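*Asks:* Sequence and predicted structure below; questions after.
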Amino acid sequence: MNDFIFHNPDKVYFGKNQMEHLPEELLKFGKKVLLVYGGGSIKKNGLYDTVTKLLKANDIEIFELSGVEPNPRHTTANRGAKICKKENIDVILAVGGGSTIDCSKGVAAAALTETGDVWPLVSNRVWVEKALPIVAILTNAATGSEMDSWAVISNMDTNEKIGLGGGALVPRVAFENPELSFSLPTYQTACGAFDIFNHVLDNYYLAGDATFDMILEFQEAVMRAVVKWAPVAMKEPENYEARANLMWASSMALNNILDAGTVHGCACHAMEHELSAYYDITHGHGLAIVTPRWLQYILDEKTAPAIYRLGVKVFGISEEFAVMEGAKKAIEAVSNFCFNTLGLKANLSNLGINDEHFKNMAEHACFGGVISGPKNLTAADVEEIYKM
Ligand code: NZQ
Ligand code: ZN
């Protein structure tokens, strides 16, 4: 177990009746708010009206950045930073899924730079220590952005999608009302659920070197919750218990509790971000296609016991198999979850992706080195996994 510091300053209001606290939390930072949202889901489900009425009733001045894209663009974040600079915005209110929250983080960081351009921060991998405060209202259980220090920003001109990190990017306050995800379409529910699952799996002790049993059990509990509740939420979108389990799992998966004492891994994420950078696909779907192939690729004598344990603990497969056979059954269970239970299409070709850019994507995913994890992956390994 490695030494670690745990510090997550995000204050979470979880549940149905918490929105009344929004004005008091915003007013701690000031009266000028930049309201950031996506393509309009919050207008359709009434959340926009609820929030703006509440803010106006408390004399909070609202400025808006709308139209944040899934896979948010640096140009949109820059648009927001410009508004912040011009209007002296005090606090950013992100209302939406991971893309909206990530874009808000990009805005928050860029607004305090001289140029107001987020891309140099992203491309130079600057650790952001200074940003405007962010308050988030989460509508999609998926990325963990509501409680983590990361934003993922895309530059479609250069086909790059890169993480921007920093202590200053953790939202100061997050509102998590599972009811706000009732309107989420089935496909987004499935993709979000798999994103949560993979955030945990990417950090799971697949190399079999677990020395922190409590964390291992926590990780398995979160993956089990996703496996149990995602299909329920897909069938019954207004099932509060299902939405609540998924929403808190989303936050738990990346708020640093589950990787305390571990080496943070992100193999599938590094490979997936290239897919969405080139093809603008939905992040969780890309992960679902990559993950079972990655497990197959790294399966060997060393990883087999942990992969088998995953199958037993998370998918309830029998403990009676020989280790290698059990590990193969576990990988089948992951595939089955992705492509049958969640109903996601199983191949990159289903998403219109061919091998044209595999080499470049693989090299970029490795940043000129290797992707570290239970088995370090070179660019050649990554290319093989894309081909699978
Ligand atoms: O844009 P609107 O109209 O709001 O619609 C969105 C969007 O079309 C819709 N939606 C969200 N909540 C809804 C809803 N529709 C109806 N009812 C609701 N309650 O769903 C679509 C997808 O939204 P998006 O925010 O893009 O999804 P998600 O939360 O999965 O975020 C994905 C982005 O986050 C990044 C991904 O790479 C991707 O760019 N990630 C961020 C991470 C982080 N900050 O730590 C880590 C993740 O691994 C991930 O990479
Ligand atoms: Zn993710």
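*Replies:* Everything's here; your move. Residues are numbered from 1 along each chain as shown. Ligands and ions are numbered 1, 2, ... in the order given.
*Asks:* Got phi/psi on the closest residue to ligand 1 within the stretch 201-350 of the chain?
*Replies:* Of all residues in the stretch 201-350 of the chain, His283 sits closest to ligand 1, at 3.8 Å by Cβ to the nearest ligand atom. Every C-beta, even on glycine, is put in place using the N, C-alpha and C of the backbone. The phi/psi pair for His283 (degrees, to the nearest 10) reads phi -50, psi -50.
*Asks:* can you check Gly261 too?
*Replies:* Residue torsions, per degrees, to the nearest 10, at Gly261 are phi 80, psi 0.
*Asks:* ok, it - contacts?
*Replies:* 1-4, 212, 215 (Cβ atoms under 8 Å, 6 or more residues apart in numbering).
*Asks:* and the gap between it and Asp209?
*Replies:* According to Cβ to Cβ, to the nearest Å, Gly261 stands 11 Å off from Asp209.
*Asks:* Check the contacts of Gly261 and tell me the two furthest apart.
*Replies:* Spanning the widest gap among the contacts of Gly261 are Asp3 and Ile215, at 13.8 Å by Cβ to Cβ.
*Asks:* and the two? which has more neighbours close in?
*Replies:* Per other Cβ atoms under 10 Å, whichever of Asp3 and Ile215 has more neighbours is Ile215, with 20 against 6.
*Asks:* and stretch 77-91, anywhere near ligand 1?
*Replies:* No. Stretch 77-91 stays clear of ligand 1 (Cβ under 6 Å from any ligand atom), getting no nearer than 12.0 Å.
*Asks:* List of residues touching that stretch?
*Replies:* 26, 29-34, 36, 63, 65, 92, 103-104, 106-108, 110-111, 113, 116-119, 132-135, 153.
*Asks:* Ligand 1 versus the closest residue to Gly40 other than its chain neighbours, what's the distance?
*Replies:* Leaving aside its sequence neighbours, Gly40 sits nearest to Ser66 (Cβ to Cβ, 6 or more residues apart in numbering; 7.7 Å). In this view, Ser66 and ligand 1 are 9 Å apart by Cβ to the nearest ligand atom, to the nearest Å.
*Asks:* doesn't Tyr37 make contact with Ser66?
*Replies:* Yes. Ser66 is within contact range of Tyr37, at 5.5 Å (criterion: Cβ atoms under 8 Å).
*Asks:* more crowded one of those two?
*Replies:* Tyr37 (26 against 17).
*Asks:* Alongside ligand 1, which residues does this structure contribute?
*Replies:* Counting by Cβ under 6 Å from any ligand atom, the chain sits next to ligand 1 at 38-42, 45, 70-71, 96-100, 102, 139-140, 142-145, 148, 150-152, 180-181, 183-184, 188, 192, 195, 254, 269, 283-284.
*Asks:* how many other residues sit next to Ser349?
*Replies:* Residues near Ser349, counting by other Cβ under 10 Å, number 11.
*Asks:* ugh, wrong one, Asp49
*Replies:* Other residues near Asp49 number 11, with proximity taken as other Cβ under 10 Å.
*Asks:* and if you look at Lys130?
*Replies:* 12.
*Asks:* Check what pLDDT Leu169 gets.
*Replies:* The per-residue pLDDT reported for Leu169 equals 98.
*Asks:* Make sure it is actually in contact with Val152.
*Replies:* No. Contact criterion Cβ under 8 Å: Leu169 and Val152 do not qualify, at 11.2 Å.
*Asks:* Please export the C-alpha coordinates of whichever strand or helix holds Trp294 as CSV.
*Replies:* Assigned by DSSP states H and E, Trp294 belongs to helix 283-298. The C-alpha coordinates for helix 283-298 follow below in CSV (Å, rounded to 0.1, in the frame of the first residue of the first chain):
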residue,chain,number,x,y,z
HIS,A,283,-17.0,8.0,-24.2
GLY,A,284,-18.7,5.1,-22.4
HIS,A,285,-19.4,3.2,-25.6
GLY,A,286,-15.8,3.4,-26.7
LEU,A,287,-14.7,2.1,-23.3
ALA,A,288,-17.2,-0.8,-23.5
ILE,A,289,-15.6,-1.8,-26.8
VAL,A,290,-12.0,-1.5,-25.6
THR,A,291,-12.3,-3.0,-22.1
PRO,A,292,-13.0,-6.7,-22.8
ARG,A,293,-10.3,-6.7,-25.5
TRP,A,294,-7.8,-5.1,-23.2
LEU,A,295,-8.6,-7.8,-20.6
GLN,A,296,-8.0,-10.5,-23.1
TYR,A,297,-4.8,-8.9,-24.2
ILE,A,298,-3.3,-8.6,-20.7
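*Asks:* what packs against it?
*Replies:* Helix 283-298 sits against helix 186-201, helix 267-279, helix 323-336, helix 379-387, with contacts defined as 3 or more Cβ pairs under 8 Å, 6 or more residues apart in numbering; DSSP states H and E.
*Asks:* is it possible to export these to a markdown table including mean pLDDT, mean neighbour count and distance to His357?
*Replies:* A markdown table is the format used below for the helices and strands packed on helix 283-298 (pLDDT from 0 to 100; neighbours: other Cβ atoms under 10 Å; distance: least, Cβ to Cβ, whole Å):
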| stretch | mean pLDDT | mean neighbour count | distance to His357 |
| --- | --- | --- | --- |
| helix 186-201 | 97 | 25 | 22 |
| helix 267-279 | 96 | 23 | 5 |
| helix 323-336 | 98 | 19 | 25 |
| helix 379-387 | 98 | 19 | 9 |
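*Asks:* so which of those helices comes closest to Glu160?
*Replies:* In terms of Cβ to Cβ, the element of the helices and strands packed on helix 283-298 nearest to Glu160 is helix 267-279, at 5.6 Å.
*Asks:* ok, residues contacting the closest one?
*Replies:* With Cβ under 8 Å, 6+ apart, helix 267-279 has contacts from 71, 152, 154, 156, 159-163, 198-199, 201-202, 281-283, 286-287, 290-291, 294, 348, 351-353, 357, 361-362, 364-366, 371-374, 377, 382, 385-386.
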